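here are the coordinates; sequence isn't available:
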DNA sequence: CTGTTAGCGCATTCAA
DNA sequence: TTGAATGCGCTAACAG
């Protein structure tokens, strides 16, 4: 026989269980559960009594106990490489916001610094109903595959795989557009900065870069394979300055890189865009503060995050889910680093 | 009598319980639990059998079940206002990183958009062992107080309260230093932009602003009470431009504001720092890209987050904890927006 | 409409 | 050293 826990009237607000409120309301725990779940009909009288008791005791069901009983967690897992720059933050905000609307908690995990990612993710999986992961070299496919099958998984900005849900923002088309724009300014020695192997995003952007050249019957240069951080940008600028690399335009895989290159180049006496045009990707805050304003591609990152949460929830609940990979459109933000005349209102 | 769950050999990797591995290893669930917890001594033989079985089945204990049994969650809760700008992201990275080192998951909640924050936080509390919250107007004291007593709580960048653990970065002293620096350039009509009522951070910075004036036997102006976003900065610049407000120096409560003001002012024909000096707070990326470089205060935000996680864990585990509020030092970053000559190397 | 009861999966005491 | 049994707090049948 199950011993009913002692009703500890001493503990302030914690330690109050369903038994406490049941006792306080003079009903069974089943009734308490009922009114709180709103499942079965309950007499208005007991309903009120329970509500009052629960309120006075500030009762909130223990998540773990509830999870164990209902066999799900009401939580979404999110795995991101890290959080520097506005991209991941925006993504996270969109994700958290939508998850909250859906009544789901979000437990976050950053890949950075984890020696055994697969183990960590597997552990995370034991406390959530599904996982959203960002596709990148920091979160290899193996990790995704390892989880797939045991819990719903949605891949953000990753490779479209027939077996896995994917939400991503448009890359190739925008990359082709921005590259064509640069080409339209008459630039002919244009370089792509970024490593296509670092992740699907960069790879697809380079693909667009190539496509734009093909459309113009030009041959695209090999990518300058570097990481997307400030330090890499400075190094690249130095190569340009020293003549080791030659170009009249630079399509960077993200703004951080573009900004760093631009700054160093100007310090080195080059003038942008006259000597060399530079464009980026992301439309970070700095992009509109620098001189000249950075031409770039804006992604609705927040929406991306929200979509991921949505999709994940659909998979978890078994709701009917849309077809193939979901891709969110991006938009070109033309400022003057590409060679266009400065706008009066740069915003 | 308790019915042993059927061993579902069908389900790929999920659905494997302690019963599965027990059966596979030919031992009782107690033994399985023992070797996995490393609690009691177990014969090397069964130990190996269990480990093998667990490995083959990729068994990971269900968090909820474990939590219920051990009566804690192995998870830290973190409540932040939102995530825009580098500040919160850095904080979050520091927090997550340290929490992970301590073997704790982190469940994140953003205050932004939550209509009933107290309810949301209370709910969050049911799935974590303790909460770290950022002190700000978005997360009022009432919220903190509501949780205090039921679970360990640490306040980040909040008011030092004798009853609550607090970790914060130094504000008043740095504010006094940067203000004195500006005063040292001979500026006499210096304004403080930011609302001291918006949170302890801004309040303390304004206090430092006042202190610097007092030290120089000057009287400090009332704060210009505005929010810290770009749009507010533009509005402030317009007031300066129109002559509605008059100043030869501006101490802004954060960089976003300072940057926005500076940009607008320059568009309006003013020259910084000649006509007006401007300094900020945070040292965001843009601060070193603009012309002139923004003089500001750098905070070790990441460390702040890590400290919060540490402190929280100490409280949860009942470890001996250091004395009063923990404050982390900041540093002045002098560039040229304050009136100092531009450095050759602005980094 | 309401109370009783059987698990959810795991850690842990108690015997053996 | 091991297995059987109990209970963590809660939901969901199942009887009344």
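That came in fine, so what should we check first? Since the structure is predicted, the reported quantities are computational estimates derived from the model, not experimental observations.

Report whether the helix or strand bottoming out on mean pLDDT in chain A contacts chain B.
Least confident element among the helices and strands of chain A, by mean pLDDT, DSSP states H and E: helix A:141-147 (a mean of 84). No. Remark: helix A:141-147 sits outside contact range of chain B, by C-beta under 8 Å from any C-beta of the partner chain, the gap being at least 8.8 Å. Quick note: C-beta positions are derived from backbone N, CA and C, even for glycine.

repeat for stretch A:160-178
No. Applying C-beta under 8 Å from any C-beta, one finds stretch A:160-178 out of contact with chain B, separated by at least 13.1 Å.

What is the end-to-end distance of that stretch?
Its first and final residues considered, stretch A:160-178 spans 23 Å by C-alpha to C-alpha, to the nearest Å.

same thing with stretch A:63-76?
Taking C-alpha to C-alpha, stretch A:63-76 runs 14 Å from one end to the other.

swap in stretch A:159-176?
First-to-last residue span, stretch A:159-176, C-alpha to C-alpha: 19 Å.

so residue A:283 sits right up against residue A:300, yeah?
No. With contact taken as C-beta atoms under 8 Å, residue A:283 and residue A:300 are classed as non-touching, separated by 10.3 Å.

okay, now residue A:178: neighbour count?
Residues within reach of residue A:178, counting by other C-beta atoms under 10 Å in any protein chain shown, total 26.

Pull the residues that contact the helix or strand in which it is found.
Per DSSP states H and E: residue A:178 is located in helix A:172-184. For helix A:172-184, contacts defined as C-beta atoms under 8 Å, 6 or more residues apart in numbering or on different chains pick out A:190, A:204-209, A:211-213, A:215-216, A:218, A:249, A:251, A:277, A:279, A:281, A:295-297, A:330-332, A:334, A:338-339.

Show me what the least confident helix or strand of chain A is in contact with.
With contact meaning C-beta under 8 Å, 6+ apart, helix A:141-147 is reached by A:79, A:117-118, A:121-122, A:125, A:131, A:133, A:135, A:153, A:155, A:158-159, A:164.

neighbour-wise, which of residue A:283 and residue A:300 wins?
Ranked by neighbour count (other C-beta under 10 Å), residue A:283 and residue A:300 place residue A:283 first, with 22 against 17.

With residue A:29 as the reference, measure out to residue A:50.
10 Å (C-beta to C-beta, to the nearest Å).

again with residue A:240
Between residue A:240 and residue A:29 the distance, using C-beta to C-beta, works out to 72 Å.

For these two, indicate the residue with more neighbours.
Remark: of residue A:240 and residue A:29, residue A:240 carries more neighbours, 22 against 15, as counted by other C-beta under 10 Å.

coming back round to it: residues of the least confident helix or strand of chain A that come out buried?
A:141, A:143, A:144, A:146, A:147 (16 or more other C-beta atoms under 10 Å in any protein chain shown).

Stretch A:174-185 now?
Within stretch A:174-185, the residues that qualify as buried by neighbour count (16+ other C-beta under 10 Å) are A:174, A:175, A:176, A:177, A:178, A:179, A:180, A:181, A:182, A:183.

name the element the nearest residue to the second one once chain neighbours are set aside belongs to?
Put plainly, it is residue A:175. Computed as C-beta to C-beta, 6 or more residues apart in numbering or on different chains, the closest residue to residue A:175 that is not its neighbour in sequence is residue A:208, at 2.6 Å. Assigned by DSSP H and E, residue A:208 belongs to helix A:200-215.

Likewise for residue A:236?
In this structure, residue A:236 sits in helix A:230-242 according to DSSP H and E.

Ok, residue A:31 next?
Assigned by DSSP H and E, residue A:31 belongs to helix A:29-37.

Is that helix in proximity to chain B?
No. Contact between helix A:29-37 and chain B, assessed by C-beta under 8 Å from any C-beta, is absent, since the two come no nearer than 12.6 Å.

what comes into contact with that helix?
Contacts made with helix A:29-37 from outside it, assessed by C-beta under 8 Å, 6+ apart, are listed as A:18-19, A:21-22, A:25, A:39-40, A:42, A:46-47, A:50-51, A:53-54, A:61.

Neighbour-wise, which one of these leads?
residue A:21 (28 neighbours).

Looks like that one contacts residue A:51 (just checking).
No. Under the contact definition of C-beta under 8 Å, residue A:21 does not touch residue A:51, with a separation of 9.5 Å.

Can you pull out the low-pLDDT segments for chain A?
Within chain A, the segments meeting pLDDT under 70 span A:1-14, A:344-347.

at 50 instead, please
Per-residue confidence for chain A (pLDDT under 50) gives these ranges: A:1-13, A:345-347.

Pop the domain breakdown of it in here.
Taking automatic domain parsing as the criterion, chain A consists of the domains A:1-59, A:73-169+A:301-327, A:172-298.

Of all these, which one comes closest to DNA strand D?
In this view, those are compared for proximity to DNA strand D by C-beta to the nearest atom of the strand, and domain A:1-59 is the closest at 3.0 Å.

for that closest one, the distance to its chain's centre please.
Relative to the centre of its chain, domain A:1-59 is centred 40 Å away, using C-alpha atoms, centre = their mean, to the nearest Å.

So which residues make contact with stretch A:213-220?
If you take C-beta under 8 Å, 6+ apart as the criterion, stretch A:213-220 is touched by A:176, A:179, A:180, A:183, A:188, A:192, A:209, A:210, A:212.

for that stretch, how far is the first residue from the last?
Distance across stretch A:213-220, first residue to last, is 6 Å (C-alpha to C-alpha).

Please identify the buried residues of that stretch?
Using 16+ other C-beta under 10 Å as the burial criterion, the residues of stretch A:213-220 that qualify are A:213, A:220.

just to revisit the earlier point, out of the contacts of helix A:141-147, which are inside helices?
For the contacts of helix A:141-147, membership in helices holds for A:117, A:118, A:121, A:122, A:125, with DSSP state H as the criterion.

How many residues are close by the second one?
Okay, so that is residue A:118. Residues near residue A:118, counting by other C-beta under 10 Å, number 14.

List the contacts of it.
Contact partners of residue A:118, counting by C-beta under 8 Å, 6+ apart, are A:142, A:143, A:146.

Let's see that with 10 Å instead.
With C-beta atoms under 10 Å, 6 or more residues apart in numbering or on different chains as the criterion, the residues that contact residue A:118 are A:140, A:142, A:143, A:145, A:146, A:147.

cool, the first one as well?
Residue A:117 makes contact with A:79, A:109, A:111, A:138, A:139, A:140, A:142, A:143, A:146, according to C-beta under 10 Å, 6+ apart.

In three-state terms, how would the second one be classified?
Classification of residue A:109 into helix, strand or coil gives strand, according to DSSP: H, G, I helix; E, B strand; the rest coil.

is it true that it touches residue B:104?
No. Proximity of residue A:109 to residue B:104 does not meet the contact threshold set by C-beta atoms under 10 Å, at 11.1 Å.
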